[in-house]
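# Take a look and give me a structure for this.
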Amino acid sequence: MKRKNNKLISELPVLYEDDWIIAINKPAGMLSIRDGYKPDLPNVHSLLKLTEQKILVIHRLDKETSGVIIFAKTIDAHRKLNQQFEQRKVNKMYIAIAWGKFNESKMTINLPLTINGDRKHRTRVSKEYGKNAITHVRVIHQYQQLAYISVMPETGYTHQIRAHLSEIGHPILGDTLYENLLEFKNTDFNIRSIYAPRLFLHCQQLTFYHPIFGTEIQLYSSDPTEFDEALRQLT
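Numbers count the residues shown, from 1 in each chain. Prediction:
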């Protein structure tokens, strides 16, 4: 990738790149794509467009979420990767630190979701209006008040992981949008008792097929520094 003299561009770690795709380890706090209301905010897509003639959006991560994100460089690659996402051939694995004690080491959350389900534009569970949404959860390590978990969303709705975990009583550490839902105000843990400098949700692994060659590609991003520091404190 030809980099211009731009500090923000230099802070975008490239995980993989060829003539058809590029994968970035997106930092927490940066938008994936341009914000329609605040177009001047830094975002990965616009920064990459400064280095390449064509950068096409395939998927996105929440601003607060870090981790693996891929973009296409050609129309053909864009079309074929979009098909893989639509056909659920892309496997996504996230890590998170969530509140509470999980009763099971493995579980599947199968609750229908509706986007913009309330005045705060949150994704909410709705049996009447929601669409089928499935999230698989595995507990890596259970601490006293928090759990270090891996999460694999089978579907890909906006805020799916955050909404599903909060709905079952395990909001993600640092999730100021979802941890304040009414049903969590009378819990047996204090969501303000631990300092959270960010949303503790990270897309650690993305597995898909190369849009041109058909070979399987597995991209991996190690735990962010904030995760390591938080887990050390919990230990």
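
# When you work out contacts or count neighbours from here on, use the C-alpha atoms and nothing else.
Noted.

# The nearest residue to residue 201 once chain neighbours are set aside: neighbouring residues, count only.
Distances taken as C-alpha to C-alpha, 6 or more residues apart in numbering place residue 96 nearest to residue 201, at 4.5 Å, with adjacent residues excluded. When neighbours are defined as other C-alpha atoms under 10 Å, residue 96 has 27 of them.

# So what touches the strand or helix carrying residue 96?
Residue 96 is part of strand 91-99, with elements assigned from DSSP states H and E. Contacts with strand 91-99, where a contact means C-alpha atoms under 8 Å, 6 or more residues apart in numbering, come from 145-154, 165, 169-173, 189, 191, 200-208.

# now, which of these lie within strands?
Among these, DSSP state E puts 146-153, 201-208 in strands.

# elements contacting the helix ranked longest in the chain?
Across the chain, the longest stretch assigned as helix under DSSP state H is helix 75-86. Helix 75-86 is packed against strand 56-57, with contacts defined by 3 or more C-alpha pairs under 8 Å, 6 or more residues apart in numbering; DSSP states H and E.

# Buried residues, stretch 24-35. List them.
Buried residues in stretch 24-35, counting neighbours by 16 or more other C-alpha atoms under 10 Å, are found at 24, 25, 26, 27, 28, 30, 31, 32, 33.

# whoops, I mixed them up, stretch 165-182
Buried residues in stretch 165-182 (16+ other C-alpha under 10 Å): 165, 166, 167, 169, 170, 171, 172, 173, 174, 175, 178, 179.

# Using JSON lines, please lay out those together with distance to residue 14 and pLDDT.
Formatted as JSON lines, those follow (distance: C-alpha to C-alpha, whole Å; pLDDT from 0 to 100):
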{"residue": "165", "distance to residue 14": "30", "pLDDT": "96"}
{"residue": "166", "distance to residue 14": "32", "pLDDT": "94"}
{"residue": "167", "distance to residue 14": "34", "pLDDT": "92"}
{"residue": "169", "distance to residue 14": "36", "pLDDT": "91"}
{"residue": "170", "distance to residue 14": "32", "pLDDT": "94"}
{"residue": "171", "distance to residue 14": "30", "pLDDT": "94"}
{"residue": "172", "distance to residue 14": "27", "pLDDT": "95"}
{"residue": "173", "distance to residue 14": "27", "pLDDT": "94"}
{"residue": "174", "distance to residue 14": "26", "pLDDT": "93"}
{"residue": "175", "distance to residue 14": "27", "pLDDT": "93"}
{"residue": "178", "distance to residue 14": "31", "pLDDT": "90"}
{"residue": "179", "distance to residue 14": "32", "pLDDT": "82"}
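
# Alright, that wraps it up for me.
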